[in-house]
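show me how the following folds:
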Amino acid sequence: MRTFTLLMLVAGLAYGVPPIGDTGSSSLAPRTVTLTATDQMRFSVATFSVKPGELIRVVLRAVGTQPADRMSHNFILLKSTTDVPRFIMMASLARQDEYFPRALKDEVIAATTLVSGGQTTSVTFKAPVRTGEYPYVCSFPGHYNSGMQGSIIVRR
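Predicted coordinates for the structure are as follows:
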């Protein structure tokens, strides 16, 4: 897990995302956005706005009754330039890595682990400093194509 966290930090720095520890003040707490993921393969929040460099904590709660091997969810925030269909195709081939395509890790700004019914996970990250729209997806097979996607709008 440390390797994954380090890779996420390096990917963020390369894309202009300041490191999480670089807040200028240790008293700043992240703004929390809670997403619920359902058996209907939808995120409860399809779009939300953030400020450039804002510290964000995304909490992902999975609700549902399906077994984990049939219905799990994650949150993966991608760069605005990512070829999302290609990312999703590569993710579908990465079962051993929880459907996270390691070869495309440089396209990822932030990601959670997979969770299933009744489980919760979270990720804290700094929003990109560049304004624009950044897609987020669930990479579990079939979920993106069923509509489990959204976007973060970075605006001043």
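
relative to the whole chain's centre, how far out is stretch 63-78?
Between the centre of stretch 63-78 and the centre of its chain there are 13 Å (Cα atoms, centre = their mean, to the nearest Å).

quick one: end-to-end length of it, please.
End-to-end distance of stretch 63-78 (Cα to Cα, to the nearest Å): 24 Å.

same question for stretch 128-145.
Across stretch 128-145, first to last residue, Cα to Cα, it's 25 Å.

dihedrals phi and psi, the closest residue to Ala62 other than its chain neighbours?
In space, and not counting its chain neighbours, Ala62 is closest to Val115: 4.4 Å by Cβ to Cβ, 6 or more residues apart in numbering. Where you see a C-beta, it was placed from the backbone N, CA and C, and this is true even at glycine. Torsion angles at Val115 (phi, psi; degrees, to the nearest 10) stand at phi -130, psi 150.

Val115: how many residues sit nearby?
By the criterion of other Cβ atoms under 10 Å, Val115 has 19 neighbours.

what lies in contact with the strand or helix carrying Gly150?
Here Gly150 is covered by strand 149-154, with elements defined by DSSP states H and E. Contacts to strand 149-154, defined as Cβ atoms under 8 Å, 6 or more residues apart in numbering, come from residues 35, 43, 45-52, 56, 77, 84, 127-138.

is it fair to say Thr32 lies in a strand?
Yes. Assigned with DSSP: H, G, I helix; E, B strand; the rest coil, Thr32 falls within a strand.

which residues touch it?
Thr32 is in contact with 56-59, counting by Cβ under 8 Å, 6+ apart.

of these, which belong to strands?
Assigned to strands by DSSP state E, the following of those qualify: 56-59.

reformat those residues as JSON lines; add pLDDT and distance to His143.
As requested, these are exported to JSON lines (pLDDT from 0 to 100; distance: Cβ to Cβ, whole Å):
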{"residue": "Ile56", "pLDDT": "98", "distance to His143": "22"}
{"residue": "Arg57", "pLDDT": "98", "distance to His143": "22"}
{"residue": "Val58", "pLDDT": "98", "distance to His143": "16"}
{"residue": "Val59", "pLDDT": "98", "distance to His143": "18"}
